[in-house]
Structure formats: C-alpha cells, structure tokens
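Asks: coordinates only, sequence not included:
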C-alpha cells in the first residue's frame, strides 16, 4: 500500500477539537503502524483482522483526520556526523510570547533542530538539537538563540543517550 508522505498530514497543527473518537480497529491499526510504519496494507489488514479495502480506508481516514500525523524514518543523527545532541530550554521575553508560533516555526526549519516542544512551566519551549561538535552547539545557542531579541534566556542540557519508547500509544 503506498502511504502518504510525512508532510501529507502536517497541513496544520492539531487542536483539541480535531481529535475524533477511535474504535478498537483504529487503535489496532495505530498500534501496528507504531510498531512498523512500513507494513504493507495486506499485512496490516491481516494483523488487525479486517478486509484490505477496510484497512486502507481506515488508514486514509486516520491520515485525513490528522490522527496519523505522518510517516517517517527515525534516522540516528550520529550516522550523519551529528554526534552531539542537546535539549535547550528557551524562555521568551514577556512581550514576545504572542509570536511564539512564529518562533517555533522558524526554529523547526533550522538544520540542527530535530524537534520543538511547546511546554508549560518556567520555559516556553524545548528545542532538541543535534550538531557535529560542541563548537557548532555553542554557535547555535549563542548566534541563533541568544541573539534573538525575543529570547530572554536559554538552558542547555546535553543528551548522552536517547531511547525512544516503542509501541506505547
């Protein structure tokens, strides 16, 4: 089954009203795809116990409804020469908080940035980055983040190991 590209479901962010109720078939499909997003529609239908046409229609509906936000490869940054990872907490100036979506969007386009999390608490968001060296990390924090007039402060935490939990929905 050809699956949609990773960007197909990323047209707009999810809001609380966008989430639809899921039945047991939807949940089984999501669990199977979380374990192996490359599974064929035929194998997925067999695992879930539905007809192939039903399975395909369900997956398409889950993508359309933005329950499935995308399909992607989880690439180890070290394979690309980015041996250093960090989680950077960012606090914005009080008068810049209205532009938080613009700040997050700009950061998410940077090559060093793997993920951006909008969070509650003392910080406004967390930025997961991967760089080839401490010099590059320092450059990113100093020249990109701390020179931004909207940024009030940052706190950088090095990541020694990243273990992704699998199959938990």
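Replies: Now that the structure is in, tell me what you want to look at. A quick note: this is a predicted structure, and the numbers were derived from the prediction, not measured. Numbers count the residues shown, from 1 in each chain.
Asks: So which residues of this structure form strands?
Replies: For the chain, the strands defined by DSSP state E cover 84-92, 113-118, 125-131, 151-159.
Asks: Mean pLDDT, mean neighbour count and distance to residue 25 for those strands - can I get that in CSV?
Replies: Backbone N, C-alpha and C define where each C-beta goes, glycine included. Formatted as CSV, these follow (pLDDT from 0 to 100; neighbours: other CB atoms under 10 Å; distance: least, CB to CB, whole Å):
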stretch, mean pLDDT, mean neighbour count, distance to residue 25
strand 84-92, 95, 19, 36
strand 113-118, 92, 15, 30
strand 125-131, 95, 21, 33
strand 151-159, 95, 14, 37
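Asks: isn't residue 93 right next to residue 149, touching?
Replies: Yes. Between residue 93 and residue 149 there is a contact under CB atoms under 8 Å: 7.3 Å.
Asks: of these two, who's got more company?
Replies: For residue 93 and residue 149, the more surrounded residue by other CB atoms under 10 Å is residue 93, and the numbers stand at 14 against 8.
Asks: can you tell me which residues contact the more buried one?
Replies: Going by CB atoms under 8 Å, 6 or more residues apart in numbering, residue 93 touches 149, 150, 151, 152.
Asks: quick one: the most centrally placed residue in the chain and residue 51, what's the gap?
Replies: With distances taken as CA atoms, centre = their mean, the residue of the chain nearest its centroid is residue 115 (5.5 Å). For residue 115, the distance to residue 51 equals 36 Å [CB to CB, to the nearest Å].
Asks: next one: residue 149
Replies: The gap separating residue 149 from residue 51 is 57 Å, by CB to CB.
Asks: First-to-last residue distance for stretch 89-106?
Replies: From its first residue to its last, stretch 89-106 covers 16 Å (CA to CA, to the nearest Å).
Asks: For it, buried residues please.
Replies: In terms of neighbour count (16 or more other CB atoms under 10 Å), stretch 89-106 has its buried residues at 89, 90, 91, 92, 96, 103, 104.
Asks: Looking at these, which is nearest residue 28?
Replies: residue 104 (33.0 Å; CB to CB).
Asks: Once you drop chain neighbours, what's closest to the closest one?
Replies: residue 116 (5.0 Å; CB to CB, 6 or more residues apart in numbering).
Asks: My guess is residue 154 contacts residue 141. True?
Replies: Yes. In terms of CB under 8 Å, residue 154 counts as a neighbour of residue 141; the distance is 5.9 Å.
Asks: and for those two, which residues touch both?
Replies: Contacts common to residue 154 and residue 141, judged by CB under 8 Å, 6+ apart, are residue 88.
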